[in-house]
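> Sequence plus the predicted model coming up.
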Amino acid sequence: MKVHEKEHSDFFEEEIKKRNIKPTIFLPLWDLLGVGLGFGSTLLGKKAAMLCTASVEEVIDEHYLNQIKHLDNTEPKLKKKIIKFREDELSHKDIAYEKGATKEGPYSILDKIIKTGSKIAINISEKI
Ligand SMILES: [Fe+2]
C-alpha cells in the first residue's frame, strides 16, 4: 500500500510542478488531519484502523471516478494513470476489509464521520 501511495503522491506532485498548478493552501492541514485520523483510529483498535482505510479509499474511489469521467481524450496519459491509481486504491480497500474493517454497529458512525470529513476536504481543495 505504502509503495502505491508514494507513487501516487510523487506523480501528482510532479504534475503540479509541470503544469504550474498552485496546490490547495490547506495541504499542510490535510497532512496533519490525515496523520491524526490514522493515529486516532489506531487508538480505537484494529477494526477502526482498517475501517478508516476502507472509508477513505471509498471516497477516493468516487473522486477518481469523477475525474476519469471528466477527463476527455486530450489527457490520455493522465487518464490512464488515474485509472491505475483507482485500481490501486480499490485493492487497498479490499485488503482493509480482509483485515477486519467493518461498518457494523458503532463503526457505521465512524465510517460516516470519516467519509464526510474526507469529502469536505476534497470539496474545499477543489476551490481553494
Ligand atoms: Fe490507498
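Done, it's in.
> Which element, helix or strand, includes the residue of the chain found nearest the ion?
Closest residue of the chain to the ion, Cβ to the ion: His92 (3.7 Å). From N, CA and C alone the C-beta is placed, and that goes for glycine too. Taking DSSP states H and E as the definition, His92 sits inside helix 76-98.
> Give me the contact list for the longest helix anywhere in the chain.
Determined from DSSP state H, the single longest helix within the chain is helix 46-70. If you take Cβ atoms under 8 Å, 6 or more residues apart in numbering as the criterion, helix 46-70 is touched by 1, 37-38, 41-42, 79, 82-83, 85-86, 89-90, 92-93, 95-97, 99-103, 107, 110-111, 114-115, 118-119, 122.
> what does this structure have sitting close to the ion?
By Cβ under 5 Å from the ion, the residues of the chain that approach the ion are 89, 92.
> Now the helix or strand harbouring Lys115: buried residues?
Using DSSP H and E, the element containing Lys115 is helix 107-127. Within helix 107-127, the residues scored as buried using 16 or more other Cβ atoms under 10 Å are 107, 110-111, 114, 118, 121-122.
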